[in-house]
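> Generate coordinates for the sequence data below:
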Amino acid sequence: MTSAPWRFLLVAQALLLLPAGLRAQTNAAAGQGPSTADPRASLKAGFDDAGEAIEGLRLLAHRPPPPSFFDSATAGKNEFVNADIAFQGNYIFLGNYYGFQVWDMANPKEPTLRTSFVCPGGQNDPSVYRNLLFLSVEETSARVDCGREGVTDSVSADRFRGVRIFDISDLDHPRQVAAIQTCRGSHTHTLVTDPKDPANVYIYVSETSIVRSGSELAGCSGKGPDEDPNTSLFKIDIIQVPLASPQDARIVASPRLFADSSGNIAGLWKGGNHGEGTQTTTVTDMCHDITVYQAVGLAAGACSGNGILLDISDPVHPRRVAEVSDPNFSYWHSATFNNDATKVLFTDEWGGGAEPHCRASDPPKWGADAVFTLSHDTLSPAGYYKLPAVQSDLENCVAHDGSLIPVPGRDILVQAWYQGGISVVDFTDAAHPAEIAYFDRGPLDPEKLGEGGGYWSAYWYNGYIVGSEITRGLDLLELAPTAQLSQNEIDAARQVKLDAFNPQHQPRFEWPASFVLARAYLDQLERGHGLAKNRVSSVAKTLKQAETQRGTKQGGTLTRLAADVERDAGRSSDPARVRLLAGVISDLAGAAR
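Okay, the predicted model is just below:
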């Protein structure tokens, strides 16, 4: 979310086979508007009893805000504001403007509240590493001691803006062990690890708020670079956290990622529009989100007026290697790589998350996702995706936070759209992203647009989708099979198990060789006509036969099948996927021998 002024704020072949309704959902790439015929366009309003529409998902559990979380003297539905989510083991770490909660999702149909910890500060976006929890804090009322009384003085030693560190070894009694002050606070942050430096973790601090007084924190300056070359603008801060002594965490670098080739620190987008009929885009003097993909040594920064690509092979000294701008973007908000790092999907938070920007009259490329292809450190525009269902004037709606779903052989993202709900989009065909599943509720209020609501983030984690609903609470969902996503693909995705997941820290997905993985690829080949129907049936029959066999007999059946499928690649319209299938069958044969 931006610091906007509401406080709480498959291939191309498969695309051709989409049913008419789903083909229409590629409207943003085609320059068309959203659909008014979609069931999401006319849902009943209500805080607790809003209408619901769902396709390709199942809602497993909903948990409303816990009444004991905040001060009952000031409690109110509009004062409970969930933010982002992190995961470790069976636990959900749910940030909130007033602190954080820990939910146990060991039984996804019955998640239980383990811990609530009050510590006002906003946004309190979390990440977790081993026994440490990190929270981003930027509000000027936040206190070092987590007090509820706030800070009103213009300069105060009690004020805290930056990154808090908690020891969560005892989940029932979290203990703040460090609080690293920064000049602009921390809107979001990114956890970065370095395999060459196992003694430390690093935190990239993205700062979007006002600069505090230098009288409160030495060295802070809100002046432009022409007035003060040491300005607190045009940079990020990097915190080093010694794992053995997190209380000694400190800022070790403040790289100016926006310098041009001459060293001019205001070298990227200067602010303003790109010409008639384009968005007015914020000056690039900050990053909102930085997503690291350490398996490939890269990070993608969504940095107000630009999307940037970083080399993070040395985490303390990230180096910008590419940048892009887009006339349809107002505020570059977040970024997601696909699994093989050949694409980056950036989001535009037009209106800061507080405005209704998914109406029939809103441009389909504004407040949307932009997909770029990535090759040799070059980002090239490919396509756009925007929520395909009309939302009303009563619903704040714009692209927001999400993550990849590990369906093998496809690029699929689950994403929050505030009161636009949750959308699952396939961007395997970068030029024609298409929605394949969704869940949405009606407006919070039947008469007016509230201060903000809907889903802040929606992430896939170990077979489930967890949604942070800003005012209504927490939701857990799972994928359901449709014409565009088979049960075998869902089951193959569920084979990917993560020990933890943090926003803006992207893992590489790897799938163990299995019969369900082979069937997932086979389903994709059938859907996309990559193999003839009779050949798909023959391969499926042989796989079923082999699955009942054991030892050398199974190995022999699979070895012969792998060779036959490899030969199929030469006459397939999707040879790469056929070879993926052959490779899985060959691996299964090797394991059987």
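> Next, the contact list for the one residue sitting closest to the centre of the chain, please.
Averaging the C-alpha coordinates of the chain gives a centre point, and the residue nearest to it by C-alpha atoms, centre = their mean is residue 402 (2.9 Å). Counting by C-beta atoms under 8 Å, 6 or more residues apart in numbering, residue 402 touches 336, 413, 414, 415, 416, 457, 458, 459. The way it works is simple: take the backbone N, C-alpha and C, and place the C-beta from them, glycine included.
> Look up the closest residue to residue 411, ignoring the ones flanking it.
Nearest non-adjacent residue to residue 411, counting by C-beta to C-beta, 6 or more residues apart in numbering: residue 338, 4.2 Å away.
> Next, the one you found: phi, psi?
Torsion angles at residue 338 (phi, psi; degrees, to the nearest 10) stand at phi -80, psi 170.
> and it, what pLDDT?
On the pLDDT scale, residue 338 is placed at 98.
> now do residue 156
pLDDT, residue 156: 98.
> Please report phi then psi for it.
phi -150, psi 140.
> was I right about it contacting residue 216?
Yes - applying C-beta atoms under 8 Å, one finds residue 156 in contact with residue 216, separated by 6.8 Å.
> Would you list the buried entries among the contacts of residue 402?
Burial by neighbour count, 16 or more other C-beta atoms under 10 Å: within those this picks out 336, 413, 414, 415, 416, 457, 458, 459.
> Which residue, other than its chain neighbours, is closest to the first one?
What that stands for is residue 336. Going by C-beta to C-beta, 6+ apart, residue 336 has residue 345 as its nearest residue, at 4.8 Å.
> for the fifth one, same thing?
Closest residue to residue 416 in three dimensions, ignoring its sequence neighbours and counting by C-beta to C-beta, 6+ apart: residue 455, at 3.6 Å.
> can you tell me which of the contacts of residue 402 lies nearest to residue 321?
Checking the contacts of residue 402 against residue 321 with C-beta to C-beta, the nearest one is residue 336 at 18.2 Å.
> tell me which element that closest one is part of?
strand 332-337 (DSSP states H and E).
> quick one, what contacts the residue nearest to residue 411?
Residues in contact with residue 338 (C-beta under 8 Å, 6+ apart) are 344, 345, 404, 411, 427.
> between those residues, which has the most around it?
residue 345 (29 neighbours; other C-beta atoms under 10 Å).
> Make sure I have this right: it is in a strand.
Yes - under DSSP: H, G, I helix; E, B strand; the rest coil, residue 345 sits within a strand.
> can you pull the contacts of it?
335, 336, 337, 338, 369, 370, 371, 372, 413, 427.
> Quickly note the distance from the fifth one to residue 38.
Counting by C-beta to C-beta, to the nearest Å, the gap from residue 369 to residue 38 is 18 Å.
> which of these two has more neighbours?
Between residue 369 and residue 38, residue 369 has the larger neighbour count (other C-beta under 10 Å), namely 26 against 21.
> Look up how far residue 405 lies from the residue nearest to the more buried one when sequence neighbours are not counted.
For residue 369, ignoring the flanking residues on the chain, the nearest one in space by C-beta to C-beta, 6+ apart is residue 385 at 4.4 Å. Applying C-beta to C-beta, the value for residue 385 to residue 405 is 15 Å.
> and residue 59, what are its phi and psi?
phi -80, psi 120.
> ok, how many other residues are close to it?
15.
> Would you mind confirming that it is in contact with residue 439?
Yes - using C-beta under 8 Å, residue 59 makes contact with residue 439 at a distance of 6.5 Å.
> And for residue 258, the neighbour number?
29.
> Now do the domain split for the chain, please.
Annotated domains of the chain cover 12-271+281-497, 515-592 [automatic domain parsing].
> For those, which has the smallest mean pLDDT value?
Among these, domain 12-271+281-497 carries the lowest mean pLDDT (a mean of 93).
> Surely residue 539 is in a helix?
Yes - Residue 539: assigned to a helix according to three-state DSSP.
> Quickly list what residue 439 is bridged to.
residue 54, residue 422 (DSSP bridges).
> OK, contacts around it?
Going by C-beta under 8 Å, 6+ apart, residue 439 touches 52, 53, 54, 57, 59, 421, 422, 467, 475, 477.
> in this structure, which spans are helices?
12-16, 20-23, 27-30, 487-494, 515-527, 533-547, 551-568, 575-592 (DSSP state H).
> neighbouring contacts of the fifth one?
Around helix 515-527, the neighbours that count as contacts under C-beta under 8 Å, 6+ apart are 10-11, 14, 17, 407-410, 483-484, 486, 488-489, 491-492, 495, 511, 530-531, 533, 536, 539-540, 543, 546-547, 572, 574, 577-578, 580-581, 584-585, 588.
> Return the distance of the residue nearest to residue 369 relative to residue 493.
Taken as C-beta to C-beta, the span from residue 385 to residue 493 is 20 Å.
> now swap in residue 556 and tell me
Counting by C-beta to C-beta, the gap from residue 556 to residue 493 is 30 Å.
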